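J.: please find the sequence and the predicted model below.
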Amino acid sequence: AQKVTQAQTEISVVEKEDVTLDCVYETRDTTYYLFWYKQPPSGELVFLIRRNSFDEQNEISGRYSWNFQKSTSSFNFTITASQVVDSAVYFCALSSPVSGTYKYIFGTGTRLKVLA
Amino acid sequence: NAGVTQTPKFRILKIGQSMTLQCTQDMNHNYMYWYRQDPGMGLKLIYYSVGAGITDKGEVPNGYNVSRSTTEDFPLRLELAAPSQTSVYFCASKTGSYEQYFGPGTRLTVT
């Protein structure tokens, strides 16, 4: 069975602090894809990143960085120098081509509050 | 290119009423999905489709029906609305292994 665990329900930080959101996944598939989405208070779901199982390179995009480690089945997300606009719920998701449906398995989300 | 559009944005239903939530995408994506998100919770898959004419149940299909007569449209039908169906409904589409594109959501209240 596939599963995504985001153990941190809510995190509060003060602006300019760095923060890491954890994502641990379970799958028996050798080919799979991992995603992060942001859901700001306005409610829409914003795609942040996609990573396939064969690419363990870390990714940096501005203040955002992602650490993918197959050895620990983790795909963690770090925000450097957090800002109030980063306040949102962040979801990690897993997808695989098995059965041809590419359904997402979502984590339960981590609510990040960045205080001014 | 409008992406994924959903109508209506908001709706209040009385118990027992029915309605259809509309979802349209203009990206020629084969895969389409319907989710519900209850307050403070994650997303749960209701139904999905891998192409026109093909639909299948997700994890919470009871009380809903879908159809996929065209690539673009994937309407979600609620029959006999119940308070437990109060939620925000998201439609999404994708192609292959790539990311899902989400619509803006429909906020539904059943009273």
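T.: Yes, it's here.
J.: show me where chain A has strands.
T.: Assigned by DSSP state E, the strands in chain A fall at A:3-5, A:10-14, A:19-21, A:24-26, A:33-39, A:46-52, A:59-61, A:64-69, A:74-79, A:88-95, A:104-106, A:110-115.
J.: partners of the first one in the sheet?
T.: The pairing partners recorded for strand A:3-5 under DSSP bridges are strand A:24-26 (antiparallel).
J.: on that earlier part again, which of the strands of chain A is buried the deepest?
T.: Among the strands of chain A, ranked by average contacts under mean count of other Cβ atoms under 10 Å in any protein chain shown, first place goes to strand A:88-95 (a mean of 24). (Glycine included, C-beta is placed from N, CA and C.)
J.: please name the nearest non-neighbouring residue to the residue of chain B found nearest chain A.
T.: Going by Cβ to the nearest Cβ, chain A is nearest to residue B:102 of chain B, at 4.1 Å. Excluding the flanking residues, the one nearest residue B:102 by Cβ to Cβ, 6 or more residues apart in numbering or on different chains is residue A:45, at 4.1 Å.
J.: with residue B:90 instead?
T.: Of all residues not flanking residue B:90 in the chain, residue B:35 sits nearest, at 4.6 Å (Cβ to Cβ, 6+ apart).
J.: about what we covered before: residues contacting the residue nearest to residue B:102?
T.: A:37-39, A:91, B:90, B:92, B:102 (Cβ atoms under 8 Å, 6 or more residues apart in numbering or on different chains).
J.: ok, residue B:57 - how many residues close by?
T.: The number of residues packed near residue B:57 is 13, by other Cβ atoms under 10 Å in any protein chain shown.
J.: mind picking out the helix or strand in chain A with the poorest mean pLDDT?
T.: Using mean pLDDT, DSSP states H and E, strand A:59-61 stands out as the lowest-scoring helix or strand of chain A, at a mean of 88.
J.: can you check the pLDDT for the residue of chain B closest to chain A?
T.: pLDDT recorded at residue B:102 is 96.
J.: what's the local residue count around it?
T.: Neighbour count for residue B:102, taken as other Cβ under 10 Å: 23.
J.: could you report the distance from it to residue B:3?
T.: Look at residue B:102 and residue B:3: by Cβ to Cβ, to the nearest Å, they are 9 Å apart.
J.: measure the residue of chain A found nearest chain B to residue A:22 for me?
T.: Here the residue of chain A nearest chain B is residue A:45; by Cβ to the nearest Cβ that distance is 4.1 Å. Residue A:45 sits 20 Å away from residue A:22, taking Cβ to Cβ as the criterion.
J.: now do the residue lying closest to residue A:22 once chain neighbours are set aside against residue A:16, distance only.
T.: Nearest non-adjacent residue to residue A:22, counting by Cβ to Cβ, 6+ apart: residue A:76, 5.3 Å away. With the distance defined as Cβ to Cβ, residue A:76 ends up 20 Å from residue A:16.
J.: go on, residue A:66?
T.: Residue A:66 sits 20 Å away from residue A:16, going by Cβ to Cβ.
J.: kindly report the same for residue B:75.
T.: 46 Å.
J.: who has more neighbours, the two?
T.: Regarding residue B:75 and residue A:16, a neighbour count based on other Cβ under 10 Å identifies residue B:75 as having more, with 16 against 11.
J.: what's the spacing between the more buried one and residue B:67?
T.: 6 Å.
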